[in-house]
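Enquirer: After the sequence you'll find the predicted model.
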Amino acid sequence: MSTLRIEQPDDDAGFKDWQYVHNLIIPTHQLSLDDVRERAGRNTLEVAYRDDVLVGCTTVRPPADDDATATVIARVLPGHRGQGLGRRLYERGLKRARELGAGAIETVILTSNTDGLRFAGKHGFVEVERYVLPGESIPWCTLRLA
């Protein structure tokens, strides 16, 4: 039986694994290792491994506005989807967001990521906004947990 291990990266090897998943899932917004280190200082980042194989990562942005909205993002590598990993990562991210005082939960997904949009919809998220970041051409979708 395989084991899922989820941990916060605390060294360059872990940050590089998180970076790899992020950059593969979000090709329009590539992050450098320095970007990842900076994000780790303000967000909760985690990396997921099945046995010793990298399968995904998460980001939890703490609440920062008047309605205490946190952002939870789970990313699962394409070859590992459909195995319940996304659900486990989201559940863990939701728990962390609530520990940080979240009153509302959102996620953001590139509209080209149809697997991610379908997953979010099946897990209670509804679309609230679409937007395009400066210099990018693919819209992002903000979804809120209903």
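Expert: On my side now, so go ahead. Numbering: from 1, shown residues only.
Enquirer: which ones are touching the most centrally placed residue in the chain?
Expert: Nearest to the geometric centre of the chain sits I73, at 2.3 Å (CA atoms, centre = their mean). The contact partners of I73, by CB atoms under 8 Å, 6 or more residues apart in numbering, come to 58-61, 93, 107-109. For glycine as for every other residue, the C-beta is placed from the backbone atoms N, C-alpha and C.
Enquirer: 6 Å instead, please
Expert: With contact taken as CB atoms under 6 Å, 6 or more residues apart in numbering, I73 is in contact with 59, 107.
Enquirer: Now name the helix or strand holding it.
Expert: Taking DSSP states H and E as the criterion, I73 maps to strand 69-76.
Enquirer: Following element in sequence after that strand, please.
Expert: Following strand 69-76 in sequence order, the next helix or strand is helix 85-99 (DSSP H and E).
Enquirer: Do you know the pLDDT at A146?
Expert: Looking at A146, its pLDDT reads 87.
Enquirer: Sorry, wrong one. I was asking about W140.
Expert: W140 carries a pLDDT value of 95.
Enquirer: swap in Y131?
Expert: Value for Y131, per-residue pLDDT: 96.
Enquirer: List the contacts of the nearest residue to it once chain neighbours are set aside.
Expert: Leaving aside its sequence neighbours, Y131 sits nearest to W140 (CB to CB, 6 or more residues apart in numbering; 5.6 Å). Contacts for W140 (CB under 6 Å, 6+ apart) come out as 108, 110, 131.
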